[in-house]
Structures are given as C-alpha cells and as structure tokens.
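# Quick check, what structure comes out for this input:
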Amino acid sequence: METQGKRLRLLYPDLHGLERGEYLYGEKAAEGVAAFCIGVYPLTHDKEILPVPRTQFDVGLHDIDATLDRDSLHEGWEENTIVGIADLELHGEPAPWDSRHVLRQAVEPWRRMGLEPQVAFELEFYLLEPDAGGWSPVAVPSHRVYGTGMSVDPTGVIDELVNTAIRCGFPVEGWCSEFDNAAYEVNIKYADAIPAADEAFLFKLLVREICERHGKLATFLGRPLADRGGSGLHVNFSFRAKDGSNAFHDPNDPEGLSDLTRRCVAGLLAHHEGMAAILAPHVNAYKRLQPDMLNGYWANWGHDDRSVGVRIPPTRGQGTRIEQRTADAAANPYLAGAAILHAARLGVEQKLELPPPQPLGEAPNTESRIPPNLDAALNALAVDDELVNALGREMVEAFSILKRAEWERYLASGAHPDSTEVTPWEIDYYRPFH
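Numbering: from 1, shown residues only. Next up is the predicted model:
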C-alpha cells in the first residue's frame, strides 16, 4: 500500500506506548520521512522533561529521524488518511529508546535459530460514558459474559469500531463482552512479532478515537474501576520453523509439546518478577495484579488453566502456543512482547528445567509472584541483569526514570505505598492517555 495521494498520519510509540507523530501531505507524505524532537522520550504524562541521558537539554533537544515502514501502512479511520508507523534513528543508528527497535532486537536471536516468533495480543478494555462531570461505565442492563449483539452493545459503538477496524485492514478474529459489565475483548489474528505489535498499537488508538466520536471513553487501564476486575493484555506466542511447522508442537510427545516449549515456559517463570515493570508499567496495574483475580500474579504454569501466570491452551498442531497472562492492557505492546521473547529465549539458551504444573484447585505451588507495587517491580527489574542486558540498558534506564517519577507522584498524592485500593490520583493521571 502507498499513500495514494492521501495524507499520511506518521506515528511512532514512545516508551509509555503512547502514539506520537505528524500528519504529512503531498511529497512529504509520499516520502514518509520526518524529524521529531528527541525530548519526547524523557516526557512524563504531564509533560515534565526528566533527566534521561542523551535525550534532553544535555544534547540540546536535537532531532531524531523517523522513516516510514511501508509494511505498516493501513487505511486510516479518518477521511482521506493513510496510517503508518516509523522507525526512529539517532545519527544514523536505531534509537535505543525506540520501542519498535527493542522488539526487533528481541526477534533477531530467534531468527538466528531458524525460528520466526508468531505473536497475538488479546486486548481488553472498558467503555465509559459521561456522568456528572466524570466518567462511569456505560449502562448495559442485560450484560452477560461472552455476550454479543444489543444485549452487551446497545448503542452499537463496539460493533462500529470493530467494523471500522476490519475496513482499515486489521485482521480481527472476533469480539465479545468480558466478565464485568462494560468490559470487552477484541481478538486480532497472530502475526510476526513486529506486525502483531503494530496492530495492537494502532488498534488501541482506533478504539479510543472511534469511541470519542460518540462521546464515550475507552480505557485500557489495568484496573480503571474499583468495583470490578481489570483489563489484561494476554500475549500468545509460538515459533514458525523454516519448514512452516509450529516449533512448539511435537506429535511424539505425550502432551504434544516440544522441549522448546518447556524451556520457554521455564524462562518466563524465571523472569516473572523481573518482567513485571515492563508488563505492568503503571501504578494502577498493581491494583489488578492481586491473588485470585485470574491475572498472571503467580509464577506458575498449567495446561488450559486460567488461574496461572503461563497457560498452555489445549490446541495442538499449528495452534500450539504459550499464553503469558500478566501484562496490563495499557502496557506498551512492543516492550511487553520484547520482554516475553527475551525471557523465553533465556530459558532455551540456559536449558532451564520446567517445574511441575500448578495442581488444579490447590494452593499456588510457588513463592514467586508479581511484586506488590510499581516501585518494587522496578527494583526487581533492576536486579534482573540478564533481562536488562537483553532489553538494552539505555532503554531500561530511561523507562525506569519515567516510572520512578510516576511512583513519586503517586506517593505525593497521599496514597499509601502498600494500598491495593484504586485511588483518584491514578485514574485522573492515567485515564486520559490509556
């Protein structure tokens, strides 16, 4: 697809996973190249420029160069618009803070093994409507889990946004209501890792903008409502071998799983705590990540068991896959995908042994769990040297500075660091963006 004389909405993700970009016209749209101030990367949600090395006044807030990846082009959901994603370069080299680059670096070691990561992101979100100057869940009197049609979408907003996504080329496989009232899930078909993350990144933007047209607000925050469950980003992945087969499937194994699969799961469990800050990058995320909430809290695994952190769905053959259940729907999909692929790879390279599966209906068979809050999660990331080295120390440093600032703002609001209650500060701070 080319721009075809339409304007180009050239976008890229910052470290928060928020879209940044510019509308380009005419020759500029056809060229697909722009320059942006590097000062985007040290920006907080409330636009404070933090002292992240090489990104702000220490280098004169210079340019980074954005070049359209033409494979990312989509028909836009705005009139006469094509949407595309850029790769970012600093002085001719990939910018270390570019989330897309971080994910690409996570893919490369697998390719050297002759394997192509296949990834699918399951996105959950809540739909809100104005209420006395604030926002409340949309009224769905006949809501039911796994609902479809007018019973769960009486205004037709969800159906419209899904149909719009399909018209724009997103490979939507299905949608339905979730367990809680006003909660929804949309499933997008698996793809190679970069295109899959691109789809998730753009789809979240499409959802919010279509809902805004109708005077509603879609939020992907992990726990946007104190009286109900949260929204996850379940990350499913497998590997396509050179012969086109699924490298996770072994027809000669009693469980139909290859040794590769078991090593990958072992790696995810070993880095469960270290990955938490990347998969759950907001103060609010840890209000969702609590025991007994079916959310990937524990570092355990099981077959077709939604109570564990890593689930092996029952499908075999080409559908054999691993589902990592921790990630928050507001997480940056590029960074989440990169952390998961690196952790799995470390399990393979180090030939880690897989512990026994979680016994059904019994107490957790591990002491390893998600850290209690964002501060503790950042500490766990800092001491996971293998994961930090894999993700890139410069990126992790920038990410950690941004997230420490969020934690400091949270404490300054008067919140207790050990509280599991959703506070007004975190909703007011995050919800306009996520």
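
# What average pLDDT does stretch 46-59 get?
The average pLDDT within stretch 46-59 is 87.

# Next, count neighbours for Ala405.
By other CB atoms under 10 Å, the residues close to Ala405 number 16. To be clear about C-beta, it is placed using only N, CA and C from the backbone, and glycine gets the same treatment.

# quick one: it and Pro42 touch, right?
No. Counting by CB atoms under 8 Å, Ala405 sits too far from Pro42 to count as a contact (9.6 Å).

# Which positions within stretch 68-76 qualify as buried?
For stretch 68-76, a neighbour-count test (16 or more other CB atoms under 10 Å) marks 68-69, 72-74, 76 as buried.

# If you could redo that for stretch 298-314, that was the one I meant.
298-302, 305, 307-312.

# low pLDDT regions in the stretch 51-200 of the chain?
Regions of the stretch 51-200 of the chain meeting the criterion pLDDT under 70 are absent.

# any chance you could map the strands in it?
Applying DSSP state E, counting those that start in this stretch to the stretch 51-200 of the chain gives strands spanning 63-75, 81-90, 93-94, 116-131, 134-137, 172-177, 183-188, 191-192.

# can you give me the angle the second one makes with strand 63-75?
An angle of 150 degrees separates the directions of strand 81-90 and strand 63-75 when computed by axes from the mean of the first three to the mean of the last three CA atoms, to 10 degrees.

# Run through the neighbouring helices and strands of strand 81-90.
strand 7-13, strand 63-75, helix 99-112, helix 193-213 (3 or more CB pairs under 8 Å, 6 or more residues apart in numbering; DSSP states H and E).

# Quick check: closest non-adjacent residue to Leu257.
The shortest distance from Leu257 to any non-neighbouring residue, by CB to CB, 6 or more residues apart in numbering, is to Asp250 (6.0 Å).

# distance of that neighbour from Arg213?
48 Å (CB to CB, to the nearest Å).

# so what sits against both of Ala405 and Pro42?
Leu50 (CB atoms under 8 Å, 6 or more residues apart in numbering).

# what separates the spatially most central residue of the chain from Ala380, distance-wise?
Taking CA atoms, centre = their mean, the centroid of the chain lies closest to Pro333, which sits 2.8 Å from it. Separation of Pro333 from Ala380 (CB to CB): 21 Å.

# Arg223: what secondary structure?
coil (DSSP: H, G, I helix; E, B strand; the rest coil).

# Please work out how many residues are found near it.
27.

# looking at it, it is touching Met293, isn't it?
No. Contact between Arg223 and Met293 fails when scored by CB under 8 Å: they sit 9.2 Å apart.

# Find residues that contact each of those two.
Here Arg223 and Met293 have 229-230 as joint contacts, going by CB under 8 Å, 6+ apart.

# residues contacting the nearest residue to the residue nearest to the centre of the chain once chain neighbours are set aside?
Excluding the flanking residues, the one nearest Pro333 by CB to CB, 6+ apart is Ala200, at 4.0 Å. When contacts are counted by CB under 8 Å, 6+ apart, Ala200 touches 121, 123, 188, 233, 333.

# Widest-spaced pair of the residues you listed?
Across the contacts of Ala200, the longest distance by CB to CB is 11.5 Å; it joins Ile188 and Leu233.

# Settle it for me: which of the two has more neighbours?
Leu233 (26 against 20).

# Kindly state the beta-bridge partners for that one.
Leu123 (DSSP bridges).

# residue contacts, it?
Applying CB under 8 Å, 6+ apart to Leu233 gives the contacts 121-124, 200, 220, 279, 327-331, 333, 336.

# Name the nearest of these relative to Ala132.
Closest to Ala132, out of all of those and judged by CB to CB, is Phe220, at 23.7 Å.

# Could you tell me how far that closest one is located from Glu406?
16 Å.

# likewise Asp292?
From Asp292 to Glu406 the distance is 26 Å (CB to CB).

# Also Asn246?
When distance is defined by CB to CB, Asn246 is 39 Å away from Glu406.

# can you pull the buried residues of stretch 163-175?
Result for stretch 163-175 [16+ other CB under 10 Å]: buried residues 164-165, 168, 170, 172, 175.

# That concludes my questions; thank you for your assistance.
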